[in-house]
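Q: Take a look and give me a structure for this.
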Amino acid sequence: MVSQEQRRKQLAREKFARQQERREAARRRARMRNAVIAGALAVVVAGAAVSYAAGAFDGDSSNDDLNAQPSPSSTPKDPCAKAAPGKVKPLSFKKEPTLTIDKSADYTMDLKTTCGDIGLDLDAAKAPHTVNSFNFLVNKGYLDHTKCHRLTTGGIYVLQCGDPEGTGEGTPGYSIPDENLNDKRLKGKVYPAGTVAMANRYNAQTKKGRNTGGSQFFLVYQDSQLPPDYTPFGTISDSGMKVLKKIAAAGESTGQGDGAPNATVVIDKATVTKS
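A: Here you go, the predicted model:
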């Protein structure tokens, strides 16, 4: 016979288990929807970080409250031009491309967007797998006509791009290893303004999800408090930073500090150049 006290404790355990399941489901949704850091952060917007990692929000933060849409009068005018004609290529690959880049050479990636050109200096010496992957994908036209689907404006200040699906869930079909996580620029657990880094599915709470970078990356337009879990693989040009500031000034769609940018940011064409 189960006593009343035993039954009470059993119900309490079951309630706690249900709460944990709901929280874990929220974490999974956040990681899949976005792409840059799960857990470890309690910054503004009730713990906003950057999810699918740079992406990352703590799974217990108010991600479920980020669906409210601002009134039309509060939405800034879109500062960007109409996208060039063309469609996203539905590309997927079975494995990481063979490492063919010259790690001693200089590589740049130019993103011609509807909001202006964003130039990136890539660090092939410190992040060869990442730079090699983008060299491969860009030459296949993988990023052409894709939207930058996420803007964060509180605590973490990044624009996230690289997902052909525009949902935060897209991948090239393969993963690449984490690299350059000991970069001196990341001291104090800060990704400084001007950094370009990889999104991934790492969960700081479970310590699972290393080496899960794909094609999604984030552009840091203001110093952002993030643990060094996301491969930094380059820096943003001065002119590119001006474009990012313009995009950030238009805000994001939820009014909560994390959502689709109000600016229509489409990468019309991406190129990688070796010099």
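Q: alpha carbons only for contacts and neighbour counts from here, please
A: OK.
Q: can you map out the strands along the stretch 151-275 of the chain?
A: Counting by DSSP state E, counting those that start in this stretch, the stretch 151-275 of the chain has these strands, from start to end: 156-161, 190-191, 195-198, 217-220, 224-225, 232-236, 258-259, 266-274.
Q: burial measure for the nearest residue in space to residue 202 that is not next to it in sequence, as a count.
A: Computed as CA to CA, 6 or more residues apart in numbering, the closest residue to residue 202 that is not its neighbour in sequence is residue 209, at 3.9 Å. By other CA atoms under 10 Å, 12 other residues sit near residue 209.
Q: quick one: pLDDT of residue 209?
A: pLDDT, residue 209: 96.
Q: Check residue 155 too.
A: pLDDT for residue 155: 89.
Q: What of residue 76?
A: 71.
Q: So the residue lying closest to it once chain neighbours are set aside versus residue 138, what's the distance?
A: In space, and not counting its chain neighbours, residue 76 is closest to residue 250: 5.5 Å by CA to CA, 6+ apart. Residue 250 is 28 Å from residue 138, where distance means CA to CA, to the nearest Å.
Q: just residue 224 next, same as before
A: Using CA to CA, one gets 27 Å for the distance from residue 224 to residue 138.
Q: what does residue 252 give?
A: 27 Å.
Q: Check residue 253 too.
A: 28 Å.
Q: Can you tell me how far the residue nearest to residue 95 when sequence neighbours are not counted is from residue 97?
A: If the residues on either side of it in the chain are set aside, residue 95 comes closest to residue 174, at 5.1 Å by CA to CA, 6+ apart. Separation of residue 174 from residue 97 (CA to CA): 9 Å.
Q: Same question for residue 267.
A: 23 Å.
Q: neighbour count winner among those two?
A: Per other CA under 10 Å, whichever of residue 267 and residue 97 has more neighbours is residue 267, with 25 against 16.
Q: so that one bridges to which residues?
A: residue 113, residue 146 (DSSP bridges).
Q: what's near enough to touch it?
A: If you count contacts by CA atoms under 8 Å, 6 or more residues apart in numbering, residue 267 has them with 111, 112, 113, 114, 143, 144, 145, 146, 147, 148.
Q: For those residues, work out which two are farthest apart.
A: 114 and 143 (13.4 Å; CA to CA).
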